[in-house]
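S.K.: Predicted coordinates and the sequence they were generated for:
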Amino acid sequence: MTSLAFVATSQPFITTPPHSPSPPPPPPPSSHHNRHLLSLLTDNISMPHLKQIHAQFLKTSSPPLPHLPLDYHTLFLYSRILHSSAALDLHYADRLLSAIPNPNSFIWNTLIRAYARSPDLKLRSLVLYHRMVADGRAAPDKYTFPFVLKACAFLFAVWEGRQIHARIVKLGFTCDTHVNNSLIHFYASCGCLDASRRVFDGMPERSLVSWNVVIDGYVHWGEFVVAIGLFREMQGLSFEPDGFTMQSIVCACAGLGAFSLGLWSHAYVLRNCQQEVADDVLMNNCLLDMYTKCGAIYMAVQLFGCMPKRDVTSWNAMIIGFAMHGHVKESFDAFGCMCTKERLKPSSITFVGVLSACNHGGLVNEGQRYFDSMVTEYGIAPQIEHYGCMVDLFARAGLVYEALNLVSGMPMKPDVVIWRSLLDACCKLNAGIEVSELVAKRVLKSEGGMSSGTYVLLSRVYASANQWNEVGLVRKLMSEKGITKEPGCSLIEMDGVVHEFIAGDTSHPRSQEIYEMLEAIEEKLVSVGYTPDLSQAHIADHADEKRHSLRLHSERLAIAFGLLNAKPGTPIRILKNLRVCSDCHTLTKLISTVFDVEIIVRDRTRFHRFKAGLCSCMDYW
Ligand code: ZN
Ligand code: ZN
């Protein structure tokens with residue numbers, strides 16, 4: 001054995017693709033025997049065969065000298081054996097690493113990568129990284145960091161990731177694009193969007209991947225407006241977006257209900273991306289989701305019809321999409337087609353879809369049948385979301401006691417969403433103060449202190465029973481505890497720009513015009529018989545104040561803005577964070593007929609398509 005051919009272990013080799021654990025050394029001019037062993041290490045080697053090769057290698061190689069680095073040929077064979085064993089038996093690979101004297105970065109990286117990629121041993125890659133650092137003979141290199149950061153991202157290990165970031169700075173790898181991309185991904189995955197942005201902003205050189213990663217991070221955490229802003233910035237810098245970028249942007253459009261940008265994105269994919277991107281099932285599933293969430297269910301149907309490949313997610317998008325739009329029969333038909341024609345096994349999300357279709361249609365018996373079939377036919381244990389659908393279905397159909405029975409028999413603790421939907425139903429149905437108070441107390445218990453939403457519902461329960469003293473008490477309690485109502489917020493997209501309106505908002509540059517329009521609308525509607533339903537403005541004291549607070553509901557501001565700007569014949573599309581109140585619902589129906597305009601509102605739970613004085617929900621929401 002000679003150490004002369006050895007290349008200093010901590011020196012990073014160059015010119016390797018980023019996914020490789022480090023630079024594979026060029027095939028060494030090894031002995032005939034070593035070459036023979038190397039040729040046996042094929043991709044589909046079995047563990048017993050690998051052990052034979054390992055034994056043969058140990059038998060024929062000279063014993064390593066302590067404290068001396070291994071020669072080039074031996075190291076290369078070790079790395080190949082380690083690489084193969086990592087794919088077959090990680091524990092074996094781990095033991096092998098301990099037996100290698102003076103492993104270099106390449107050897108360490110091979111195993112760190114294997115652990116980082118394993119589904120359940122990611123933590124082990126961090127342990128190994130710390131062992132490498134503590135060992136001190138081989139320093140982590142630019143190939144090490146991406147793997148450990150990936151593991152940190154998966155494990156939400158923010159503190160460990162920051163420590164690794166510090167080492168990256170210390171060792172001078174802050175200019176490496178791939179290392180920076182990994183940092184951006186790590187911070188974004190852990191929700192540290194500011195830190196992710198700082199790394200991004202400080203990069204001396206950005207690649208398309210850096211863009212993509214930072215945009216994807218913002219989309220993942222629901223910061224859709226920021227994501228779209230970054231996308232525009234990226235276009236300004238003449239970066240050509242690829243399939244990954246477009247997937248993120250389509251998801252952002254779905255989140256914002258930004259239909260025209262979504263439509264543009266689809267056209268962009270068809271025009272500029274390769275055929276396999278346009279045919280990709282993930283890409284098409286994102287587009288389906290975008291169309292259904294933007295209220296364009298027929299575009300989704302069209303796309304679904306021409307998709308070259310469909311999976312359970314594609315079917316789920318359609319089943320849920322139909323349900324959200326109140327197309328109950330179509331939702332059931334899609335479910336039937338998926339199970340019987342395509343012979344796909346429905347997932348638990350599929351059942352959330354069909355149960356919410358039952359819910360929107362008020363179909364209690366069908367709902368019960370689908371719910372029962374989950375266990376009996378498909379072996380899927382109902383989760384809290386499915387119970388939530390059933391409780392809501394019972395409650396909204398007026399079967400409050402059946403809903404309460406289901407809640408008490410649930411195998412898991414009912415969450416606040418379930419109690420809220422019960423309370424919501426109680427106050428909508430005028431179920432009576434006793435039941436409502438009982439439910440409100442349970443909400444209180446499950447929340448450990450009421451949130452603004454529950455206070456608002458409780459005050460509405462009292463208001464619907466004309467118990468204005470209690471309404472006042474709830475209101476006082478809210479102000480004493482410093483609880484403010486979650487503000488209603490509506491988004492409307494106009495010519496590719498998303499405008500956001502908060503209830504009572506005056507920050508829009510055209511605010512004055514919008515309020516004047518709102519007044520004109522109300523005047524016109526009053527002349528055709530509209531009277532505001534003041535019970536919806538439950539927390540204000542006087543009639544005038546109530547009327548005023550109704551006028552400030554965010555979707556009205558968005559509708560007024562839409563009427564001012566929309567081209568004749570194009571529908572006004574609005575996305576709202578809360579449920580539409582019944583007064584705004586009545587008002588929007590009237591606007592659709594008086595102003596001859598189609599208005600599509602996506603609220604927290606479903607779509608309302610207002611046309612010619614009617615809503616697609618048939619007033620059941
Ligand atoms: Zn309203
Ligand atoms: Zn409606």
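M.R.: In hand now; what should we look at? These figures come from a predicted structure and were not determined experimentally. Ligands and ions are numbered 1, 2, ... in the order given.

S.K.: Near ligand 2, which residues of this protein are found?
M.R.: Where proximity means C-beta under 5 Å from the ion, the interface of the chain facing ligand 2 comprises 608, 615, 617. For glycine as for every other residue, the C-beta is placed from the backbone atoms N, C-alpha and C.

S.K.: how about 6 Å then?
M.R.: Of all the residues in the chain, those in contact range of ligand 2 (C-beta under 6 Å from the ion) are 585, 608, 615, 617, 621.

S.K.: Neighbour count, distance to ligand 1 and secondary structure added to the residues you listed, as CSV?
M.R.: As requested, the residues of the chain next to ligand 2 are exported to CSV (neighbours: other C-beta atoms under 10 Å; distance: C-beta to the ion, whole Å; DSSP: H, G, I helix; E, B strand; the rest coil):
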residue, neighbour count, distance to ligand 1, secondary structure
585, 22, 8, helix
608, 25, 12, strand
615, 22, 14, strand
617, 21, 15, coil
621, 20, 13, coil
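
S.K.: Of these, which one scores lowest on pLDDT?
M.R.: Sorting the residues of the chain next to ligand 2 by confidence puts residue 621 at the bottom, with a pLDDT of 71.

S.K.: residues in contact with that one?
M.R.: Contacts were defined as C-beta atoms under 8 Å, 6 or more residues apart in numbering; by that measure residue 621 touches 360, 579-580, 585, 603, 605-606, 608.

S.K.: Helices along the stretch 51-200 of the chain, start to end?
M.R.: 72-88, 90-99, 105-117, 122-135, 144-155, 158-171, 177-189, 193-201 (DSSP state H, counting those that start in this stretch).

S.K.: Same list, these, but as a markdown table with distance to residue 395 please.
M.R.: Shown next, in a markdown table, are the helices of the stretch 51-200 of the chain (distance: least, C-beta to C-beta, whole Å):
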| stretch | distance to residue 395 |
| --- | --- |
| helix 72-88 | 53 |
| helix 90-99 | 50 |
| helix 105-117 | 46 |
| helix 122-135 | 42 |
| helix 144-155 | 39 |
| helix 158-171 | 40 |
| helix 177-189 | 37 |
| helix 193-201 | 37 |
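
S.K.: Of those, give the one that comes closest to ligand 1.
M.R.: The closest approach between ligand 1 and any of these, judged by C-beta to the ion, belongs to helix 193-201 at 31.7 Å.

S.K.: I'd like to know which elements the very next helix or strand once past the closest one is packed against.
M.R.: Past helix 193-201, further along toward the C-terminus, the next helix or strand under DSSP states H and E is helix 208-220. Counting contacts by 3 or more C-beta pairs under 8 Å, 6 or more residues apart in numbering; DSSP states H and E, the secondary-structure elements packed against helix 208-220 are helix 177-189, helix 193-201, helix 224-236, helix 243-256.

S.K.: Let me have those in TSV, adding distance to ligand 1 and mean neighbour count as columns.
M.R.: Listed next are the helices and strands packed on helix 208-220 as TSV, based on distance: least, C-beta to the ion, whole Å; neighbours: other C-beta atoms under 10 Å:
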stretch	distance to ligand 1	mean neighbour count
helix 177-189	35	25
helix 193-201	32	17
helix 224-236	23	17
helix 243-256	21	24
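
S.K.: check contacts around the residue in the stretch 351-500 of the chain that ligand 2 sits nearest to.
M.R.: Of the stretch 351-500 of the chain, the residue with the smallest distance to ligand 2, taken as C-beta to the ion, is residue 360 at 10.1 Å. By C-beta under 8 Å, 6+ apart, the contact set of residue 360 is 323-324, 326, 328, 606, 617, 620-621.

S.K.: same thing but 6 Å
M.R.: Taking C-beta atoms under 6 Å, 6 or more residues apart in numbering as the criterion, residue 360 is in contact with 323, 326, 606.

S.K.: Could you list the low-confidence segments of the chain?
M.R.: When residues are selected by pLDDT under 70, those of the chain lie in 1-31, 62-70, 429-432, 444-451, 485, 534-547.

S.K.: how's this structure carved up into domains?
M.R.: In the assignment given by automatic domain parsing, the structural domains of the chain cover 389-480, 489-615.

S.K.: Name the nearest residue to residue 158, ignoring sequence neighbours.
M.R.: Nearest-residue entry for residue 158: residue 190, 4.9 Å, with adjacent residues in sequence omitted and distances by C-beta to C-beta, 6 or more residues apart in numbering.

S.K.: ditto for residue 242
M.R.: residue 208 (6.2 Å).

S.K.: Run a quick neighbour tally on that neighbour.
M.R.: Neighbourhood size, residue 208 [other C-beta atoms under 10 Å]: 14.

S.K.: Repeat that for residue 321.
M.R.: Neighbour count of residue 321, defined by other C-beta under 10 Å: 26.

S.K.: cool, and the one 5 residues further on?
M.R.: Counted by other C-beta under 10 Å, the residues lying close to residue 326 total 22.

S.K.: how about it, what does it touch?
M.R.: Going by C-beta under 6 Å, 6+ apart, the list of residues near residue 326 reads 360, 616-617.

S.K.: cool, residue 367 as well?
M.R.: Taking C-beta under 6 Å, 6+ apart as the contact definition, residue 367 lies against 355, 358, 393.

S.K.: List of residues touching the helix or strand containing the last one?
M.R.: The one in question is residue 393. Counting by DSSP H and E, the element that carries residue 393 is helix 384-396. Taking contacts as C-beta under 6 Å, 6+ apart, the residues outside helix 384-396 that touch it are 351-352, 355-356, 358-359, 367, 371, 402-403, 406-407, 410, 412, 415, 417-418, 421-422, 425.

S.K.: Following the chain onward from it, which element is next?
M.R.: Following helix 384-396 in sequence order, the next helix or strand is helix 400-408 (DSSP H and E).

S.K.: need the next SSE after that following helix, C-terminal direction.
M.R.: Of the helices and strands lying after helix 400-408 in sequence (DSSP H and E), the nearest is helix 416-429.

S.K.: thinking again about what came up before, report how many residues lie close to the residue nearest to residue 158.
M.R.: Counted with other C-beta under 10 Å, the burial measure for residue 190 works out to 22 neighbours.

S.K.: now the most centrally placed residue in the chain, nearest residue through space, not along the chain?
M.R.: Ranked by distance to the mean C-alpha position of the chain (C-alpha atoms, centre = their mean), the top residue is residue 220 at 4.9 Å. By the measure of C-beta to C-beta, 6+ apart, the closest residue to residue 220 outside its immediate chain neighbours is residue 188, 6.7 Å from it.

S.K.: Specify which member of the contacts of residue 621 is nearest to residue 228.
M.R.: residue 603 (21.9 Å; C-beta to C-beta).

S.K.: How about residue 147: what's its closest non-neighbour residue?
M.R.: The shortest distance from residue 147 to any residue that is not its chain neighbour, by C-beta to C-beta, 6+ apart, is 4.1 Å, and that residue is residue 116.

S.K.: which SS class is the closest residue to residue 427 other than its chain neighbours?
M.R.: Leaving aside its sequence neighbours, residue 427 sits nearest to residue 461 (C-beta to C-beta, 6+ apart; 4.2 Å). Remark: residue 461 carries the secondary structure label helix [criterion: DSSP: H, G, I helix; E, B strand; the rest coil].

S.K.: just the one 10 residues further on next, same as before
M.R.: When the structure is split into helix, strand and coil by three-state DSSP, residue 471 lands in helix.

S.K.: mind listing what's buried in stretch 503-523?
M.R.: Within stretch 503-523, the residues that qualify as buried by neighbour count (16 or more other C-beta atoms under 10 Å) are 503, 505, 508, 514-515, 517-518, 521-522.
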